[in-house]
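*Asks:* have a look; sequence and predicted model below, questions after that.
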Amino acid sequence: MLLIKKEAKLKKYDVIVAGSKGRIGQELVNYLKSTGHDVLEVDLSLGHDLSNERWVTEFFEKNRANSLVNLFAANEHITANASMAKSIMDFTLDDIDKYLHVNLTALFSVCRQFAKNNKNSSIINFSSIYGVRPPKKFLYDGGLKHIGYAISKSGVLILSEYLALNLAPDIRVNTVIPGGIVASQPQSFLNKYASYCPMGRMGEPSDLFGIVDLLISNKSSYITGAEFRVDGGWLI
């Protein structure tokens, strides 16, 4: 008797969070789970290499979701012991390429494979205030925030619009532009940032929950190609 092996059923989640172990990702995942969402976590620390196209292709062939939140990114974190470039002459082209590969090329790959395997879904990409305006030099005590981060996050904006235009009406693609998020920055940095921000403080991950709630829900069914600034007024 010939036995036919049944293929395992594909798992469909409410939300896939790519970059789930980062500063924003961890708290967002906890929030989404607490509000009843079935969340699939994706992160380099979990062995998930989103810069590997083959891995990305195989992953999205096996996992489906109503929404994809892309938080993963290469970034230069500001700490008390941070060593930053002092001049644009200090940036290497290899370093810039690394930012572009993760923050743009890999992001495109992830969005494309998600769209290939899902319909009637939502993609939320994360840019940055530094993708809209250059980093303020006064914040960094003579150092320079890496140009690779700024230009790659600027590229996220046009990438998202391009995808929104070409994936509609099946997939909605929108962009969140967060301001700085409190992490391990020295107090002097927090004070300088707060002095420039109309809301008088840096952001918390929880400040982003509301916009994610909206964009993964049917309440945003007619919103695509939009940009949402959640920055305490920084970009005014």
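*Replies:* In hand now; what should we look at?
*Asks:* please report how far residue 197 lies from residue 229.
*Replies:* Distance of residue 197 to residue 229, given as CB to CB, to the nearest Å: 12 Å. Any C-beta I mention is one placed from the backbone N, CA and C, and that applies to glycine too.
*Asks:* okay, now residue 137: neighbour count?
*Replies:* 11 (other CB atoms under 10 Å).
*Asks:* wait, a strand at residue 175?
*Replies:* Yes: under DSSP: H, G, I helix; E, B strand; the rest coil, residue 175 sits within a strand.
*Asks:* contact partners of the helix or strand hosting residue 162?
*Replies:* With secondary structure defined by DSSP states H and E, residue 162 is part of helix 147-167. Counting contacts by CB atoms under 8 Å, 6 or more residues apart in numbering, the residues outside helix 147-167 that touch it are 73-76, 88, 91, 95-100, 102-104, 107-108, 111, 115, 123, 125-128, 130-132, 134-135, 171-175, 177, 224-225, 227.
*Asks:* of those, which belong to helices?
*Replies:* When DSSP state H defines the helices, the subset of these inside them is 95-100, 107-108, 111, 115.
*Asks:* nearest to residue 192 among these?
*Replies:* Closest approach to residue 192 among the ones in helices among the contacts of helix 147-167 (CB to CB): residue 99, at 24.1 Å.
*Asks:* now for the closest one, how many residues are close by?
*Replies:* There are 23 residues near residue 99, going by other CB under 10 Å.
*Asks:* cool, residue 31 as well?
*Replies:* The burial count assigned to residue 31 is 17, neighbours taken as other CB under 10 Å.
*Asks:* returning to what we had before: using PDB, write out the CA atom coordinates for the helix holding residue 162.
*Replies:* Output in PDB follows, covering the C-alpha atoms of helix 147-167 (Å, rounded to 0.1, in the frame of the first residue of the first chain):
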ATOM      1  CA  ILE A 147      26.400  58.700   7.500                       C
ATOM      2  CA  GLY A 148      25.500  55.200   6.500                       C
ATOM      3  CA  TYR A 149      22.700  55.100   9.100                       C
ATOM      4  CA  ALA A 150      21.200  58.400   7.900                       C
ATOM      5  CA  ILE A 151      21.300  57.700   4.100                       C
ATOM      6  CA  SER A 152      20.000  54.200   4.500                       C
ATOM      7  CA  LYS A 153      17.100  55.400   6.700                       C
ATOM      8  CA  SER A 154      16.300  58.100   4.100                       C
ATOM      9  CA  GLY A 155      16.200  55.300   1.500                       C
ATOM     10  CA  VAL A 156      13.600  53.400   3.600                       C
ATOM     11  CA  LEU A 157      11.100  56.200   2.900                       C
ATOM     12  CA  ILE A 158      11.300  56.000  -0.900                       C
ATOM     13  CA  LEU A 159      11.500  52.200  -0.800                       C
ATOM     14  CA  SER A 160       8.300  52.000   1.200                       C
ATOM     15  CA  GLU A 161       6.500  54.300  -1.200                       C
ATOM     16  CA  TYR A 162       7.800  52.300  -4.200                       C
ATOM     17  CA  LEU A 163       6.500  49.100  -2.600                       C
ATOM     18  CA  ALA A 164       3.200  50.700  -1.700                       C
ATOM     19  CA  LEU A 165       2.700  51.700  -5.300                       C
ATOM     20  CA  ASN A 166       3.600  48.400  -6.800                       C
ATOM     21  CA  LEU A 167       2.100  46.000  -4.200                       C
END
